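Trainee: next comes the sequence, and after it the predicted model I'd like to discuss.
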Amino acid sequence: MIKLFNKKLKLAGSILLLSPVLLYSQSPKDELLNYNFNSKFTLQAYIMYVSSAELQNNIKSNSSFIRDAAVELKGGYGYGGEITYNPEFKDIDITFYLSSEYLKVKDNELVMRFENDSAFNSVRFTEEYNMIPIETGVKWNLPVSTERFKVFIGGGAGIYFGNRTRQIGQYKTMAISRKAGYSMNVLAGLEYFLERNLSVNFEFKFREPNFDSEDKFETDFITINGNTYSMDNPVYSRLLIDGARISAGIKYHF
């Protein structure tokens with residue numbers, strides 16, 4: 001997990017190295033636009049895309065191989081909101097942020113193999129998960145920024161709440177308990193002013209949010225093609241939403 005997070009840090013650095021290329025020469029007209037330089041707060045609404053996730057099915061197993069085995073899941077789209085505060089430090093252009101979002105994904109292209117002493121069968125099953133994080137941290141505008149075009153980096157931490165369900169045929173898991181997870185994050189982004197108090201924001205965020213879940217099927221056995229197989233009950237799992245988060249939003253300054 002640490003190696004994966006280090007790779008994401010390097011990727012964020014690569015994005016920042018490319019960002020000055022996106023800057024363009026400001027015309028005198030651009031420099032004289034009447035921006036609200038005295039605003040300390042912003043409110044932002046954004047849409048986002050998360051590239052992938054994985055589900056660790058047996059986090060309480062005594063075998064490290066089984067405990068770390070994971071099912072790859074789809075990423076998906078969501079939406080969120082953010083508020084920032086600029087304390088107006090003299091030498092450092094930083095802002096503090098607080099954000100939350102909602103992500104819900106349904107993956108129905110998964111396959112599970114059931115076995116007993118005399119037979120085996122593979123069946124399709126569906127995983128559905130959602131996540132609501134609460135994240136806070138700091139953003140810093142880089143010196144390459146202009147009055148109208150900002151390039152920033154940042155980072156922070158968050159607590160992550162979520163839920164997941166599994167459905168095999170007519171059988172669906174019921175939630176027993178949920179445990180929120182924690183993660184650090186790093187980010188990089190671009191901001192462009194449209195009007196005096198209005199800007200658009202593009203952001204890449206790298207993190208490893210997760211939460212633990214305990215679930216139970218309503219039956220201990222399932223019959224497939226005339227053969228009976230045992231169901232894992234209860235199911236102790238961990239959902240790790242490890243894909244990069246890409247967001248685009250509109251921000252109001254006041």
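Mentor: The structure has been received and is ready for your questions.
Trainee: quick one, what contacts K106?
Mentor: Listed by C-beta atoms under 8 Å, 6 or more residues apart in numbering, the contact set of K106 reads 76, 126-128. Using the backbone N, CA and C atoms, a C-beta is placed for each residue, glycine as well.
Trainee: from these, list just the buried residues.
Mentor: For the contacts of K106, a burial check counting by 16 or more other C-beta atoms under 10 Å picks out 76, 127-128.
Trainee: narrow those residues to those in strands?
Mentor: Members of those lying in strands (criterion: DSSP state E): 76, 127-128.
Trainee: out of these, which is nearest to E191?
Mentor: G76 (25.1 Å; C-beta to C-beta).
Trainee: on that earlier part again, could the buried ones among the contacts of K106 go into a markdown table alongside pLDDT and distance to A69?
Mentor: Below are those laid out as a markdown table (pLDDT from 0 to 100; distance: C-beta to C-beta, whole Å):
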| residue | pLDDT | distance to A69 |
| --- | --- | --- |
| G76 | 94 | 23 |
| E127 | 93 | 15 |
| E128 | 94 | 20 |
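Trainee: quick one: the strands in this protein, in order.
Mentor: 41-56, 70-85, 94-115, 120-141, 149-168, 171-172, 174-195, 198-207, 210-216, 221-224, 227-230, 235-240, 245-253.
Trainee: show me what the shortest one is packed up against.
Mentor: This means strand 171-172. Strand 171-172 sits against no helix or strand, with contacts defined as 3 or more C-beta pairs under 8 Å, 6 or more residues apart in numbering; DSSP states H and E.
Trainee: could I get the average pLDDT for it?
Mentor: Here strand 171-172 scores 91 as its mean pLDDT.
Trainee: given it, what are its sheet partners and their directions?
Mentor: strand 149-168 (antiparallel) (DSSP bridges).
Trainee: give me the number of residues near the residue lying closest to N141 once chain neighbours are set aside?
Mentor: Closest residue in space to N141, ignoring its immediate chain neighbours: D93 at 4.3 Å, by C-beta to C-beta, 6 or more residues apart in numbering. Residues lying near D93 (other C-beta atoms under 10 Å) number 16.
Trainee: and if you look at D107?
Mentor: 18.
Trainee: is it true that it touches L55?
Mentor: No: using C-beta atoms under 8 Å, D107 makes no contact with L55, being 9.3 Å away.
Trainee: joint contacts of those two?
Mentor: By C-beta under 8 Å, 6+ apart, D107 and L55 have these common neighbours: 73, 127.
Trainee: would you mind measuring from the residue sitting furthest away from the middle of the chain to T228?
Mentor: Note on the chain: the largest C-alpha distance from the chain mean falls to S118, namely 42.7 Å (C-alpha atoms, centre = their mean). Distance of S118 to T228, given as C-beta to C-beta, to the nearest Å: 11 Å.
Trainee: same thing with G162?
Mentor: Counting by C-beta to C-beta - G162 and T228 are separated by 33 Å.
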